[in-house]
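*Asks:* show me the folded form of this:
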Amino acid sequence: MNNEFSEVVRVNQQRLGANLRQHYDFIVCGSGSSGSVVARRLAEDENVSVLLLEAGGEDDHPSVTEAGAWPTNLGSERDWGFKAEPDARLNGRSIPLSMGKVLGGGSSVNAMIWSRGHKSDWDFFASEAGDEAWSYQSVLGIYRRIEDWHGAPDPKYRGTGGIVFVQPAQDPTATAPAILEGCRSTGIPIFENQNGRMMEGEAGASIMDVRVHNGKRQSVFRSYVFPYMDRPNLTVLAHAVVNRIVFDGKRAAGIEISHLGAIRRIDAGCEIVLSCGAFHTPTILMQSGIGDRGELQRFGIPLVQHLPGVGANFQDHVGFDCVWETYEPLPRRNNGVEATFFCRSSSELDYPDIQVCVGSVAKTSAENAARFSPPSNAFTLFGGLVRPRSRGRIRLTGSHPGDPLQIEANFLSHPDDMKAAITCVDVCRELGNSAAMRPFRKREVLPGDLNGEDMEDFIRDAASTYWHQTCTAKMGRDDMSVVDAKLNVYGIDRLRIADGSIMPRVTIGNTMAPCIIIGERAGHILQSKYGLRVSLPRTA
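*Replies:* Here you go, the predicted structure:
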């Protein structure tokens with residue numbers, strides 16, 4: 001975007017914020033990878049007023065805009081800084097669970113990896129929802145429509161000219177093609193890109209697809225919302241924390257927010273959309289009286305709707321770092337993570353349940369950093385379980401919106417996950433010690449040749465998040481479901497959820513792209529219900 005347009009946006013949003021209304025047609029809570037999409041699709045009709053709320057601040061910061069600087073966001077003011085409860089299964093550790101607190105949410109602080117999810121994921125979504133609009137074939141059509149793919153032509157799977165710029169990692173560090181050659185030697189097939197045929201099979205490797213253009217991050221907020229922020233019908237309000245939803249009986253009538261030290265209510269004429277992520281969305285629901293009856297009664301919160309699934313079913317990809325010292329420092333290009341591969345932990349599976357990303361620096365947990373002292377010259381194979389069987393839960397600790405959350409991540413609580421984790425580390429070690437990596441490998445730093453309880457102990461100390469927290473307000477038709485196929489909250493009128501919390505299970509791979517699909521589905525559903533006019537694509 002040019003500087004002239006940016007100034008127009010600044011002036012317009014300053015005016016809109018200074019004259020905040022008491023009433024909007026639509027209120028979208030959260031500007032992350034789903035909320036930004038919903039807000040854009042609604043604002044395309046100039047006759048409706050849209051308020052997009054974000055608890056964090058502005059995204060115009062080098063750690064956001066510069067692709068290679070993304071790790072500096074972790075632990076910064078742009079990170080909510082959540083932590084899971086201490087867990088004996090992880091040697092008593094409390095796992096940091098970073099989440100974006102900035103315009104763009106996770107898409108402004110993540111590693112910018114474009115991973116659509118596996119065919120089996122989307123077909124499972126459709127089965128759980130009872131709606132083929134969530135199926136792989138339907139979703140593939142959305143992906144082709146929104147993508148602006150700048151790789152080798154692949155018209156069956158990839159789209160061009162859309163709103164979402166995607167390309168293969170450009171001029172990748174030499175370790176990236178080397179690890180692909182290592183994969184080939186072990187029988188893992190190499191694919192032309194990670195988001196076509198590869199996500200229909202059992203295993204595969206490729207150069208990473210990334211949302212990076214000329215070294216700059218392409219956040220979902222900047223792609224979807226920013227080009228429309230000169231409009232009078234779209235108000236984007238930062239530093240606005242949603243406390244609770246206000247009801248008129250069973251109808252969501254408005255929201256209560258904290259903004260600039262004041263509490264205020266804002267009403268919605270049509271609908272409210274919660275897009276606050278896997279931690280905040282269930283928290284807002286519970287603080288508003290929607291959740292498990294017994295849990296709410298503990299804190300004296302009046303019940304509006306008994307939905308025991310709120311906060312349950314928490315899922316994340318748990319990962320384990322394996323590190324090798326290199327002869328020389330590796331260059332940091334793109335996002336620093338330029339190749340990936342997927343494989344199975346068991347021949348009985350017909351989908352991959354392990355993903356490994358290749359990084360050009362040493363990455364370890366605090367515990368293993370103290371134990372192994374990894375050098376600065378290193379590469380890391382960060383292996384993760386992308387179809388975990390463990391489930392966690394999000395709980396309140398009080399009735400006040402500012403009370404801390406109790407996050408029971410429960411990583412490795414299911415015995416099958418420990419078995420898969422051991423296989424994951426074994427695969428990483430095989431590839432890291434392969435002939436293809438010999439030119440870069442000076443020595444294996446961690447874990448080394450461990451077996452039995454020693455390997456399990458390493459895994460418990462290594463376990464960390466892939467930052468793919470999801471599934472705490474799942475879509476489905478059973479008693480633990482929170483939303484239906486059209487993302488309506490059960491038992492409540494004019495309230496929908498559109499973010500990763502509605503996933504029945506976490507998708508295979510990184511979750512930004514699937515969250516965009518959730519936003520696109522929500523936008524289409526709302527456009528259809530209210531007869532909104534859809535404008536032609538627009539750039540500033």
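*Asks:* what about this structure, any weak spots by pLDDT?
*Replies:* Scanning the chain for pLDDT under 70 picks out 1, 535-540.
*Asks:* need the helices for it, in chain order.
*Replies:* 3-18, 35-43, 62-65, 119-129, 136-146, 175-185, 220, 277-287, 293-298, 366-372, 415-432, 452-462, 512-530 (DSSP state H).
*Asks:* of all the ones you listed, which one is nearest Val323?
*Replies:* Nearest to Val323, of all those, is helix 366-372, at 7.4 Å by C-beta to C-beta. For the C-beta atoms, the positions are set from N, CA and C on the backbone; glycine is no exception.
*Asks:* thinking again about what came up before, turn the helices of the chain into JSON lines, including mean neighbour count.
*Replies:* Converted to JSON lines, those look like this (neighbours: other C-beta atoms under 10 Å):
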{"stretch": "helix 3-18", "mean neighbour count": "13"}
{"stretch": "helix 35-43", "mean neighbour count": "29"}
{"stretch": "helix 62-65", "mean neighbour count": "18"}
{"stretch": "helix 119-129", "mean neighbour count": "21"}
{"stretch": "helix 136-146", "mean neighbour count": "18"}
{"stretch": "helix 175-185", "mean neighbour count": "21"}
{"stretch": "helix 220", "mean neighbour count": "29"}
{"stretch": "helix 277-287", "mean neighbour count": "26"}
{"stretch": "helix 293-298", "mean neighbour count": "14"}
{"stretch": "helix 366-372", "mean neighbour count": "15"}
{"stretch": "helix 415-432", "mean neighbour count": "20"}
{"stretch": "helix 452-462", "mean neighbour count": "17"}
{"stretch": "helix 512-530", "mean neighbour count": "22"}
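*Asks:* rebuild the ones you listed as TSV, extending it with distance to Leu234.
*Replies:* Formatted as TSV, the helices of the chain follow (distance: least, C-beta to C-beta, whole Å):
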stretch	distance to Leu234
helix 3-18	8
helix 35-43	4
helix 62-65	21
helix 119-129	29
helix 136-146	19
helix 175-185	39
helix 220	15
helix 277-287	21
helix 293-298	34
helix 366-372	42
helix 415-432	43
helix 452-462	44
helix 512-530	13
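*Asks:* nearest to Trp80, of those helices?
*Replies:* Here helix 277-287 is closest among the helices of the chain (C-beta to C-beta), at 7.4 Å.
*Asks:* could you dump that closest one to CSV, C-alpha only?
*Replies:* Only the C-alpha atoms of helix 277-287 are listed here, as CSV (Å, rounded to 0.1, in the frame of the first residue of the first chain):
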residue,chain,number,x,y,z
GLY,A,277,-9.3,-17.6,19.2
ALA,A,278,-9.3,-20.8,21.1
PHE,A,279,-8.7,-19.2,24.5
HIS,A,280,-10.6,-16.0,24.4
THR,A,281,-13.7,-17.2,22.5
PRO,A,282,-14.7,-19.8,25.1
THR,A,283,-13.7,-17.3,27.8
ILE,A,284,-16.1,-14.6,26.5
LEU,A,285,-18.9,-17.2,26.1
MET,A,286,-18.5,-18.5,29.7
GLN,A,287,-18.2,-15.0,31.1
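*Asks:* leaving out chain neighbours, which residue sits closest to Asp267?
*Replies:* Leaving aside its chain neighbours, Asp267 sits nearest to Gly254 (3.8 Å; criterion: C-beta to C-beta, 6 or more residues apart in numbering).
*Asks:* that neighbour: neighbour count?
*Replies:* 21 (other C-beta atoms under 10 Å).
*Asks:* same check, this time on Gly291
*Replies:* 29.
*Asks:* grab the nearest non-local neighbour of it.
*Replies:* Using C-beta to C-beta, 6+ apart, the nearest residue to Gly291 is Val310, at 3.9 Å.
*Asks:* same deal with Ala152?
*Replies:* Nearest one to Ala152, counting by C-beta to C-beta, 6+ apart, is Glu192 at 5.9 Å.
*Asks:* show me what contacts the one you found?
*Replies:* 151-152, 154, 206 (C-beta atoms under 8 Å, 6 or more residues apart in numbering).
*Asks:* just the CA atoms of stretch 394-401, as CSV, please.
*Replies:* Output of stretch 394-401 as CSV, limited to C-alpha atoms (Å, rounded to 0.1, in the frame of the first residue of the first chain):
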residue,chain,number,x,y,z
ILE,A,394,-10.0,-24.1,29.1
ARG,A,395,-11.5,-23.1,32.5
LEU,A,396,-12.4,-19.9,34.2
THR,A,397,-10.9,-19.0,37.6
GLY,A,398,-13.3,-16.3,38.4
SER,A,399,-16.3,-14.3,37.3
HIS,A,400,-14.4,-11.1,36.3
PRO,A,401,-13.3,-10.8,32.6
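*Asks:* ok, and what's touching it?
*Replies:* 241, 243-244, 258, 278-279, 282-283, 286-287, 295, 299-301, 311, 314, 403-408, 472.
*Asks:* from the middle of its chain, how far away would that stretch be?
*Replies:* Stretch 394-401 sits 23 Å away from the centroid of its parent chain (C-alpha atoms, centre = their mean, to the nearest Å).
*Asks:* that's all I had, so thanks and see you.
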